[in-house]
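>>> Prediction below, plus the sequence it came from.
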Amino acid sequence: MTPRHSTWSLFVAAFAPLLAANDGCQHYHLVLRPEGNALVRTLTVESGPTGTTRWDWIVAGRLKAGASWQRWTMAPAYVAGRLQYGDGAGGNLRGCSAFAARSLARKIVLLDRGTCPVSIKVSNVAAAGGLAAIVANDQPQGPRERPPDFAYGGGAPSVAAYSVTRADGRALKAVLGKVATIDPAIATGGPVDAELVQKLRGLYPEARREAPEGPASSWTFSGTFSSEMPDDVGGAGRFLVLRTSLGSVSAWVERFRGDPDQATAVRRSLAAAGPICEKLGGWLEWQLGDHPGAGQLKEFVSSRVRNDLENLLLVGWASEGALDRPTATMDSSVRFARALLYLSERGDLEPSDVPRLALAVRHLQEDERAPELMDFAQRAIARALGLRPGEPLPESLDCLGDLTRARASLRAYLMAQGGGTADPETAHLPEQALAEWSRDVQSLILRVPLDIFKRGDLLSVRLLLPARPTATNGTWSERGKALEWRDVPLGEAGFPTLLYAWWTEPDTRFQRTHLGTVAVRGEALGTYALWRVSLDASRGEEWEAFLGGLSPGPDLASRISSFRFADEGPAGGDQAKSLADAARGLILEALSAQAPWTKQPPP
């Protein structure tokens, strides 16, 4: 019987540090306003309240103190309770000792930094029923400097915890006993990335920094662009206006992020899986030495893990491609659901594994040893070796107990493969090989559906229009007279996010003067404009002279029906068809919808 293997657990855990990229995000708010043959573009960028850019606010009376959420604790949620310092009686001010049972119920507890790990302090607050823990720094900081982020150091921190600067800690101690609130709805981001600001200032003629609150800030950039849109958010866009005497048609389409060459991207991703898994399998076989299961484990990684990775890449690719994502509603959830179902069908992952895996990834940046993720890897390898539950791994795989030792083992393997030595002059070679391999793995992981664990940049767009567009993947707001795309997720790899709209504006004065009504509009006007701009200069002048000579009346339809270009000759015989047929048909059909009496069959 084939053992159940946890491919996903093995791969994620084995390459845990590569999943620990900075998950801070930028929020892009783009407003577009047509002006003549150009778009006035206003882009506001702010850091979103995620990851290392999240900035929460503790409000007590008139005091508003900025706080840094500790990501290894519970997710921020609204809490309100009396602010208490230590045990409330001058003791346990650092929180390193257990508090009396239920003594902190309905309290938000302020503690001082020092003596024991912050996670132990938070665990003690949680055990005594506290709502949240606040840890004040004991070192001086600048007025806009972010409070420290602490590493997870053990315990069961089952409430949210926040750090504050020493100055804000002293300010909070002055309002003890007041009701304090922490509301994630008012969380803000940190400073906008400096390199991004520099890039955008080079693309837009106008830039201004909005007034900051604490360390948070945003930038607004504006400019007018006629046809090609700037590569600001990342991507490419075009704006086109076709003008005719009956009216104009405008079209905007823009790609945000992603790879436009999907064929090459998919081939590259699938090709990367093989060498990576071969290297991983070779390393584990080398580490096992003469263990009888060494070959079996290498084969498992080289074939089964590789096959599952390739399928996961295709799952993510197919999910993205099926969405044509104008909104964020299904982006990560659909891909994650597909991946979960696939792995469950393969026997690689149980739904009950998901919360533990998510928690392990959350703790990843707080403990470089990644013990929880490495536990996933160990259990996966044990199943691959056919070990019974609870049976220990071979001693030669002790290096998988934590990520630091695993990386040291991998360096040694690369050294052995390259025939290197411990000579200082050549000691950098395995580091280079490890770095190159890590980049390959990271490139691959970026294409695997891991969005459930992280949040990327978000884009919101408003396109101001006088009336509802003819076609779009956005949402029309009649009250705001604008097309809207809200909180669209932006990825660095995978399918591009494509937003588009096209709209028409009939020339009401010209149409009423020469047709008696505004008949040609919407899709008909768009089709007409494409036909009109396809005419050469000579025929264009002839057609415009004809339209300019029309006037409302009972013979209007017959005059339109009988028009032919001068070089086409009279109607009849082999000359029955005319280049004007398409335009005549559009205009006559539009007129008949407005005034049925104008409908006449063409000659």
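Done, it's in.

>>> Domain parsing of this protein, as residue ranges.
Split into domains by automatic domain parsing, the chain comes to 7-22+260-453, 56-186, 507-598.

>>> Show me what whichever helix in the chain runs longest packs onto, helices and strands only.
Looking across the chain with DSSP state H, the single longest helix is helix 262-288. The contact analysis (3 or more CB pairs under 8 Å, 6 or more residues apart in numbering; DSSP states H and E) places helix 262-288 against helix 294-299, helix 306-323, helix 403-418, helix 428-445. Backbone N, C-alpha and C define where each C-beta goes, glycine included.

>>> And it, what's buried?
For helix 262-288, burial by neighbour count (16 or more other CB atoms under 10 Å) applies to 265-266, 269-270, 272-273, 276-277, 279-281, 283-288.

>>> what ranges do the strands span in the stretch 1-150 of the chain?
Taking DSSP state E, counting those that start in this stretch as the criterion, the stretch 1-150 of the chain carries its strands at 26-35, 38-47, 56-60, 63-69, 79-85, 107-112, 132-136.

>>> out of those, nearest to residue 520?
Residue 520 lies closest to strand 26-35 among these, at 19.9 Å (CB to CB).

>>> Low-confidence bits of the stretch 51-200 of the chain, can you list those?
Low-confidence segments of the stretch 51-200 of the chain (pLDDT under 70): 51-53, 143-144, 190.

>>> Mind doing that once more with 50?
51 (pLDDT under 50).

>>> For the closest residue to residue 274 other than its chain neighbours, which residues are in contact?
Sequence neighbours aside, residue 306 is the residue nearest to residue 274 in space, at 6.0 Å (criterion: CB to CB, 6 or more residues apart in numbering). The contact partners of residue 306, by CB atoms under 8 Å, 6 or more residues apart in numbering, come to 273-274, 277.

>>> Would you mind checking which of those is nearest to residue 114?
Of the contacts of residue 306, the one sitting nearest to residue 114 (CB to CB) turns out to be residue 277, at 46.1 Å.

>>> Pull up the gap between the closest one and residue 302, please.
6 Å (CB to CB, to the nearest Å).

>>> With residue 234 instead?
36 Å.

>>> Kindly report the same for residue 257.
33 Å.

>>> And for residue 223?
Distance of residue 223 to residue 302, given as CB to CB: 53 Å.

>>> sorry, back to before: quick one, which of the strands of the stretch 1-150 of the chain is nearest to residue 230?
Of the strands of the stretch 1-150 of the chain, the one closest to residue 230 (CB to CB) turns out to be strand 38-47, at 7.4 Å.

>>> what's the offset of the closest one from the middle of its chain?
Between the centre of strand 38-47 and the centre of its chain there are 18 Å (CA atoms, centre = their mean, to the nearest Å).

>>> What of stretch 59-79?
For stretch 59-79, the distance to the chain centre is 25 Å (CA atoms, centre = their mean).

>>> Buried ones in that stretch, by neighbour count?
59-60, 65-73, 76, 79.

>>> right, and out of these, which lies closest to residue 593?
Looking across the buried residues of stretch 59-79 and measuring by CB to CB, the closest to residue 593 is residue 76, at 56.5 Å.

>>> what is the rounded mean pLDDT of the helix or strand encompassing residue 485?
Assigned by DSSP states H and E, residue 485 belongs to strand 482-490. Strand 482-490 carries an average pLDDT of 88.

>>> Strand partners (parallel or antiparallel) of the helix or strand where residue 255 lies?
Using DSSP H and E, residue 255 sits in strand 247-256. Here strand 247-256 is paired, per DSSP bridges, with strand 235-244 (antiparallel), strand 497-506 (antiparallel).

>>> buried residues in whichever helix or strand comes after the last one?
Right, strand 497-506. Next helix or strand after strand 497-506 toward the C-terminus (DSSP H and E): helix 508-515. The neighbour-count check on helix 508-515 (16+ other CB under 10 Å) flags 510-511, 514-515 as buried.

>>> next one: stretch 145-159
Buried-residue list, stretch 145-159, by 16+ other CB under 10 Å: 146-150, 152-153, 155, 157, 159.

>>> Adding distance to residue 102, write those out as CSV.
CSV is the format used below for the buried residues of stretch 145-159 (distance: CB to CB, whole Å):
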residue, distance to residue 102
146, 34
147, 29
148, 30
149, 30
150, 26
152, 25
153, 25
155, 18
157, 18
159, 14
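
>>> and which of these is nearest residue 504?
Among these, and counting by CB to CB, the member closest to residue 504 is residue 146, at 50.2 Å.

>>> need the helices for the stretch 501-603 of the chain, in chain order.
For the stretch 501-603 of the chain, the helices defined by DSSP state H, counting those that start in this stretch occupy 508-515, 522-533, 537-548, 556-562, 581-594.

>>> So which of those is nearest residue 293?
helix 522-533 (66.4 Å).

>>> how far out from the middle of the chain is that closest one?
Averaging C-alpha positions (CA atoms, centre = their mean) puts helix 522-533 37 Å from its chain's average.
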